[in-house]
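>>> quick one, structure for this:
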Amino acid sequence: MSKQRFIRFDWAAKYMLRNKADFAIFEGLISVLVGEKVTILELLESESNKERQDDKYNRVDIKAKDSKGQIILVEIQQSRELDYLQRMLYGVAKAITEHMKGGMGYGDVKKVFSINILYFDLGEGADYLYHGQTTLTGVHTNDTLRLTQHEQDDLQVVAPENVFPEYYIIRVNEFDKMAVTPLDEWLQYLKDEYIKPDTSVPGLREARERLEYLRMSDEDRRAYDDYLDTLVRDTDVMKTKLLEARIAGLKEGRAEGRAEGRAEGRAEGEAKGRAEGRAEGRAEGRAEGRAEERLANARNLKANGVPIDLIAKSLNLTPEELETL
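Down below sits the predicted model:
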């Protein structure tokens, strides 16, 4: 029996799962991540949900509101973006301001969950899931700032972290373990499009029923196959560009290395030449000094009546030197 094939979550999220009947799939993923039951009331439209040429295949944006009125952003990104962290922050800020109606007070600001499913490498780390939220810690005491009971009653929140956004980064390509936990099973589906036949994980049970490849219409199947072809082609283009950039960098580095090497070689040669010149000068100076000293001794001996032949033999004088005496 052939392996059951399921549709990629990114394609399904953008083109299929827009009806309330499909919210259970999103709810399952989000609930597994945040560790509590999440009920989605509606999907909220934003600019990034609209079809644009530059994000047709690489970006999927899901914006939802849960039963507490909190905003949930789920972004699925295929291609590398150097400023992705800044975009995460901008997306959260934009979501808050988009859904604040005129005249609302700050008390109406809703918490935002930013869930980022990435199919490219972001940063360095040993885990495939990273989570962060803002806590306020004492600089000198290292304690965590809490709210008084009166403030909790007024603000309707328990702690500052119940107000500030939470960020999740899922590095899909880093997942390489056996699916044991519900989160593992979701990661296995996101990476390999595999769902266990007997799964009981929230969202994946519904995905098995809704996202089987063979249940698609012929038109949807052709569109999906075209998406996969384009995704492979875009990935190859990106890899080629990265490889070309690395090769160009290596060539530039070698050229700079050769230029630096030549400059250093010239500098070393000049330094060596100067050192050798100084050494040769000192040697010549010492030799000249010794010759002058020898001639001076010869003149003293001659002045004291020592025969010339004996002086020449004793001091090893040349005929030319004898003539200067």
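>>> got the CA coordinates for stretch 141-152 in PDB?
Written as PDB, here are the backbone C-alpha positions of stretch 141-152 (Å, rounded to 0.1, in the frame of the first residue of the first chain):
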ATOM      1  CA  THR A 141      17.800  42.700  43.000                       C
ATOM      2  CA  ASN A 142      17.100  40.300  40.100                       C
ATOM      3  CA  ASP A 143      13.500  39.900  41.200                       C
ATOM      4  CA  THR A 144      10.600  39.900  38.700                       C
ATOM      5  CA  LEU A 145       8.200  42.900  38.800                       C
ATOM      6  CA  ARG A 146       4.700  41.700  39.700                       C
ATOM      7  CA  LEU A 147       1.400  43.600  39.800                       C
ATOM      8  CA  THR A 148      -0.500  44.300  43.000                       C
ATOM      9  CA  GLN A 149      -3.900  42.800  43.500                       C
ATOM     10  CA  HIS A 150      -5.400  46.200  43.000                       C
ATOM     11  CA  GLU A 151      -3.500  46.600  39.700                       C
ATOM     12  CA  GLN A 152      -4.500  43.100  38.600                       C
END
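>>> give me the contact list for it.
135-138, 155, 157-160 (CB atoms under 8 Å, 6 or more residues apart in numbering). Yep, even glycine has a C-beta here, placed from its N, CA and C like the rest.
>>> what of stretch 159-173?
33-34, 88, 92, 109, 111-122, 125, 127-136, 145-147, 155, 157, 187, 190-191.
>>> now it: how far from the chain's centre is it?
When C-alpha coordinates are averaged (CA atoms, centre = their mean, to the nearest Å), stretch 159-173 and its chain have centres 19 Å apart.
>>> buried set for it?
159-161, 165-172 (16 or more other CB atoms under 10 Å).
>>> quick one: mean pLDDT over it.
Per-residue pLDDT values over stretch 159-173 give a mean of 92.
>>> what is the nearest of the buried residues of stretch 159-173 to residue 4?
Nearest to residue 4 out of those is residue 172 (CB to CB; 20.4 Å).
>>> next, work out how far apart that closest one and residue 297 are.
To residue 297, residue 172 is 94 Å away according to CB to CB, to the nearest Å.
>>> go on, residue 208?
Residue 208 is 112 Å from residue 297, where distance means CB to CB.
>>> for those two, indicate the residue with more neighbours.
Neighbour count, other CB atoms under 10 Å: between residue 208 and residue 297, residue 208 has more, with 17 against 14.
>>> what strand or helix carries the more buried one?
Residue 208 belongs to helix 204-210 when assigned by DSSP states H and E.
>>> may I see the buried residues of that helix?
Judged by neighbour count using 16+ other CB under 10 Å, the buried positions of helix 204-210 are 204-208, 210.
>>> same question, stretch 298-308
298, 301.
>>> what ranges does the stretch 51-200 of the chain have for its helices?
In the stretch 51-200 of the chain, the helices defined using DSSP state H, counting those that start in this stretch lie at 84-98, 149-155, 182-192.
>>> list the contacts of the last one.
This points to helix 182-192. With contact meaning CB under 8 Å, 6+ apart, helix 182-192 is reached by 6, 9, 28-29, 32-33, 117, 128-129, 170, 172-173, 175, 177-179, 194-196, 199, 201-204, 207.
>>> could you rerun that using 6 Å?
For helix 182-192, the external contacting residues (CB atoms under 6 Å, 6 or more residues apart in numbering) are 9, 29, 32, 172, 175, 179, 194-195, 201, 204.
>>> what does the longest one give?
Under the criterion CB under 6 Å, 6+ apart, residues 71, 73, 109, 112, 114, 165 lie in contact with helix 84-98.
>>> kindly recompute the last result at 10 Å.
With contact meaning CB atoms under 10 Å, 6 or more residues apart in numbering, helix 84-98 is reached by 44-48, 61, 63, 65, 71-73, 75, 77, 81, 83, 109-114, 116, 118, 120, 122-123, 164-169.
>>> read off the pLDDT value for residue 280.
Model confidence at residue 280 (pLDDT) stands at 66.
>>> what does the one 4 residues further on give?
At residue 284, the predicted lDDT confidence score is 65.
>>> residues touching residue 44, list them.
Shown in contact with residue 44 (CB under 10 Å, 6+ apart): 62-65, 71-73, 95, 98-99.
>>> what's the closest of the contacts of stretch 141-152 to residue 218?
residue 157 (50.8 Å).
>>> burial of the closest one, as a residue count?
Neighbour number of residue 157 under other CB under 10 Å is 15.
>>> likewise residue 186?
The burial count for residue 186: 26, using other CB under 10 Å.
>>> quick one: it from residue 201, how far?
7 Å.
>>> give me the common contacts of these two.
28-29, 32, 179, 195, 207.
>>> coming back round to it: mind putting the contacts of residue 44 into TSV with pLDDT?
TSV is the format used below for the contacts of residue 44 (pLDDT from 0 to 100):
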residue	pLDDT
62	83
63	85
64	86
65	86
71	91
72	91
73	92
95	88
98	84
99	82
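>>> are any of those residues buried, and if so which?
Neighbour-count burial (16+ other CB under 10 Å) applied to the contacts of residue 44 gives 62-65, 71-73, 95, 99.
>>> kindly indicate which of those residues lies nearest residue 305.
Residue 305 has its nearest neighbour among those in residue 73, at 114.9 Å by CB to CB.
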